[in-house]
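Q: here's my sequence, what's the structure:
(one chain, ligands or ions: 1)
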Amino acid sequence: MNIARRPRVGHIAFLNCLPIYWGLARTGALLDVDLHRAPPDELSRRLVAGDLDIGPITLVEYLRHADDLLLIPDPAVAADGPVLSVNLVTKTPLADLPAAPRVSLASTSRTGVLLGRMLLEDRYGRKPEYTVTAPDLDSALKDADAAVLIGDEALRVYHDPAGNHVLDLAAEWKDWTGLPMVFAVWAVRRDYAEAHPGLVKDVHLAFRDSVQRSRDEIDEVVASAARWEPFPPAALAEYFARLQFGLSERHLAGLREFASRASRYADIEPGSAKLASRRLALRADGPAFFATLGEAFETKICTEPEARL
Ligand SMILES: C=C(O[C@@H]1C=C(C(=O)O)C=C[C@H]1O)C(=O)O
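A: Below you'll find the model as predicted:
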């Protein structure tokens, strides 16, 4: 008998993903996936390497590897304005930052740090010298004037800056471009989707159901997180309200704008950003977003249930 293995699904080890995975436990869908919890840089690396099948990938890595991956329309990690947890933390007010500041980039981040670089260089006119450091405030600011931090540590610093100045990079992006910022998308490896379209569909629907459940049960999600996280319920409620987990047309416009700006940086291939951008333009076309991905097997993901054991 051909025993199918469960899809290997990534789980970002940050609070921002709690509302995305909350409902998987409630519905029992958690039992149908092989869940791997890790920081986003690690999950992105594993998905690209083929050690994971489906899951979150930081936007920059999705853009770099769009040829091997298919975008799943939701969930995502995004914000239309302040996100609270992707921050440029400076020792002095931004205006007093030197012309060539030493800036630390959190090792767990790919998209937040690129957004920080764009803003520092293209918006604030600085020529920083960058170092990648451990993703905590003390390591990051030890030998630097400023640091880009993400995730729970960035949220902690937002609430307790310890004399530093905190600039919310999603708010800055919105101010700069008028658009939402997409930090992470969910994607499936193209080879996995070809082999198991039905499973991909199941996982996608399980996530969709999960996010809906956590919206319906948000007070419980907050109360439960407040029991083990170092944030009071009001701070968690505010954070979960800021985070957005779907990709609307405006989010896709934000994503395309980021992709086209990112292509000016040396470590993003202009071609891949353009390609991803073009594909997204196609995918954003109309309500049947997911069903019109343009290739036969991609359509199968939405329509064909896979025989289950
Ligand atoms: C909003 C966030 O988005 C994250 C930012 C990422 C990045 O900068 O590469 C990766 C995954 C997301 O979880 C956050 O972590 O606070």
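Q: Three-state assignment for the residue of the stretch 151-300 of the chain found nearest the ligand, please.
A: Nearest residue of the stretch 151-300 of the chain to the ligand (C-beta to the nearest ligand atom) works out as F183 at 3.3 Å. For glycine as for every other residue, the C-beta is placed from the backbone atoms N, C-alpha and C. Of the three states, F183 takes strand according to DSSP: H, G, I helix; E, B strand; the rest coil.
Q: quick check: it touching V86?
A: Yes. At 6.5 Å, F183 counts as touching V86 under the criterion of C-beta atoms under 8 Å.
Q: tell me the residues that contact both of the two, please.
A: Between them, F183 and V86 share the neighbouring residues G112, I150, A170, with contact defined by C-beta atoms under 8 Å, 6 or more residues apart in numbering.
Q: intersect those with the contacts of the ligand.
A: If you filter the shared contacts of F183 and V86 for contact with the ligand, counting by C-beta under 6 Å from any ligand atom, you are left with G112, I150.
Q: whichever of the shared contacts of F183 and V86 end up buried, select them in PyMOL.
A: Selecting just the buried residues from the shared contacts of F183 and V86 in PyMOL takes one command, with 16 or more other C-beta atoms under 10 Å as the test:
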select buried, resi 112+150+170
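Q: can you add pLDDT and secondary structure and give the shared contacts of F183 and V86 back as JSON lines?
A: Rendered in JSON lines, the data for the shared contacts of F183 and V86 read as follows (pLDDT from 0 to 100; DSSP: H, G, I helix; E, B strand; the rest coil):
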{"residue": "G112", "pLDDT": "98", "secondary structure": "helix"}
{"residue": "I150", "pLDDT": "98", "secondary structure": "strand"}
{"residue": "A170", "pLDDT": "98", "secondary structure": "helix"}
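Q: ok so, going back, between F183 and V86, which one's more packed in?
A: For F183 and V86, the more surrounded residue by other C-beta atoms under 10 Å is V86, and the numbers stand at 32 against 28.
Q: so where's the longest helix in this structure?
A: As far as residue count goes, and with DSSP state H defining each element, the longest helix of the chain is helix 197-216.
Q: buried set for it?
A: Taking 16+ other C-beta under 10 Å as the criterion, helix 197-216 shows 197-204, 206-208, 210-211, 213-214 as buried.
Q: could you do stretch 170-184 as well?
A: A170, A171, E172, W173, K174, W176, L179, P180, M181, V182, F183, A184.
Q: nearest to Y239 among the residues you listed?
A: Compare each of the buried residues of stretch 170-184 with Y239 using C-beta to C-beta and the shortest gap goes to A170, at 12.2 Å.
Q: tell me who's in contact with F240.
A: With contact set as C-beta under 8 Å, 6+ apart, F240 has these partners: L18, P19, I218, V221, V222.
Q: the same query, at a cut-off of 10 Å, please.
A: The neighbourhood of F240, defined by C-beta atoms under 10 Å, 6 or more residues apart in numbering, consists of L15, N16, L18, P19, W22, S214, R215, I218, V221, V222, A225.
Q: save those residues as a markdown table, and put in secondary structure and distance to the ligand too.
A: Formatted as a markdown table, the contacts of F240 follow (DSSP: H, G, I helix; E, B strand; the rest coil; distance: C-beta to the nearest ligand atom, whole Å):
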| residue | secondary structure | distance to the ligand |
| --- | --- | --- |
| L15 | helix | 8 |
| N16 | helix | 5 |
| L18 | helix | 11 |
| P19 | helix | 12 |
| W22 | helix | 16 |
| S214 | helix | 16 |
| R215 | helix | 18 |
| I218 | helix | 18 |
| V221 | helix | 17 |
| V222 | helix | 17 |
| A225 | helix | 15 |
